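Q: the sequence and its predicted three-dimensional model are supplied below.
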Amino acid sequence: MLVTKGASKLWRLSYRFDGKQKLLAIGQYPVITLADARTKRDAAKKLLAEGIDPSEARKAERRAASIARSNTFKAVADELMEKFRAEGNAEATLKKKQWLLDFAIAELGKRPIAEIGAPEVLDVLRKIERRGKHETATRARGTIGAVFRFGIATSRCERDPSLDLRGALVTPTVTHRATIVEPAAVGALLRAIDGFEGQPVTRLALQLAPLVFVRPGELRKAEWTEFNTGAAEWRIPAAKMKMRRPHRVPLAPQALAILEELRDISGGSRYLFPSVRSWHRPISENTLNAALRRLGYDKTEITVHGLRSTASSLLNESGKWSADAIERQLAHQDQDEVRAAYVHAAEFWPERVRMMKWWANYLDELRERGRVVAIKAAS
């Protein structure tokens, strides 16, 4: 036993190994009792008898424990989230992924990822299903699978057990975004938006939305530096896109006119549609959907995101434009990776420019049809 100047009592074992004198720390008395110290001493002497340095054996144990901690499901999941963050994923996307992962971390977080099998993953997902959240369970399976695939790539596990669960979950009921596709109803919506009496920035955002039919987040966060009005083009950087690829939007004259009106209002801000509360932040998606509610449209009828479906349906029904040009303008990702690469590379830019001009004129036509009917009825 070693007694320090501070009166601490430490158990130590002095031994020779490979011709060198060494000292093995066993622990502090009375945390380590005499009986415990003797047990640890005997274990160390047994290692020496087998030609193993007990100090090096302890270091190896600590390294193994450290590696084991970095190989848990939670450790791998945390690393994957850091990767997503470094890749520039939107904060909302990161929160959704973390929320889905937390279901598994609560049950499997401390387990070595290589030891987790399909039954354990299924048990996590079944608990979500029992709450009636079938779509959440399906999404969680995909996110959990991403953790295992990252574990495979970083040599922490050898396979993804979520792949064994195909068909094991309840298929969620597909719910489509609320949208309006009947031409007369679209015209009525456009006229209602034109008559919106709230904040001008909100009205202009709603007026621009059907002309460009980008995702709500891409519209709300639009910045003046992304627009080239001379070339009639909006370039959205990859970091803002759901599919992480840059996107170009041809701007019809009607869209350019809205930008001109906007510049007088928000030209001094970074964003086209700054928040009323903070000029340095964009408006929220709730602001736009709440404006539609004020206009009398229930969330089961139309949402800002639903305007994309409106455009997709009517453009396809027109028969004037190729499905590839429409899908490229919607920035959709084809499930067939080869075809997706083709559609992305092809761009279909000339056709998309013509299509967006035709679309803007068609919306004007739908808007005016109702006005003509109203005038005739009044007379």
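A: Cool, got the structure. Residues are numbered from 1 along each chain as shown.
Q: could you find the closest non-adjacent residue to L315?
A: I326 (5.0 Å; Cβ to Cβ, 6 or more residues apart in numbering). (Glycine included, C-beta is placed from N, CA and C.)
Q: quick one, what contacts that neighbour?
A: Contacts were defined as Cβ atoms under 8 Å, 6 or more residues apart in numbering; by that measure I326 touches S312, L315, N316, M355.
Q: so how far is D53 from I193?
A: Distance, I193 to D53, using Cβ to Cβ, to the nearest Å: 78 Å.
Q: can you give me the domain assignment for the chain?
A: Taking automatic domain parsing as the criterion, the chain consists of the domains 2-54, 73-165, 183-378.
Q: Q21: neighbouring residues, count only.
A: As a burial measure, Q21 scores 8 neighbours (other Cβ atoms under 10 Å).
Q: can you pull out the low-pLDDT segments for the stretch 1-150 of the chain?
A: Judged by pLDDT under 70, the stretch 1-150 of the chain has its weakly predicted residues at 1, 64-69.
Q: can you pull out the helices in it?
A: Secondary structure of the stretch 1-150 of the chain (DSSP state H, counting those that start in this stretch): helices at 34-49, 54-70, 73-86, 91-108, 118-129, 134-153.
Q: which strands and helices sit next to the first one?
A: Meaning helix 34-49. Applying 3 or more Cβ pairs under 8 Å, 6 or more residues apart in numbering; DSSP states H and E, we find helix 34-49 packed against strand 9-17, strand 20-29, helix 54-70.
Q: which residues are contacting that helix?
A: Counting contacts by Cβ under 8 Å, 6+ apart, the residues outside helix 34-49 that touch it are W11, L13, Y15, F17, L24, I26, G27, Y29, I32, D53, P54, A57.
Q: what about the longest helix in the protein?
A: Counting residues, the longest helix in the chain under DSSP state H turns out to be helix 349-378.
Q: buried residues, that one. List them.
A: Judged by neighbour count (16 or more other Cβ atoms under 10 Å), helix 349-378 contains these buried residues: 351-353, 355-357, 359-360, 362-363, 366-367, 369-370.
Q: and T202, which of the helices of the stretch 1-150 of the chain is closest to it?
A: helix 91-108 (20.3 Å; Cβ to Cβ).
Q: run the angle between the closest one and helix 134-153 for me.
A: With axes from the mean of the first three to the mean of the last three Cα atoms, to 10 degrees as the criterion, the two stretches helix 91-108 and helix 134-153 enclose an angle of 80 degrees.
Q: alright, I will stop here.
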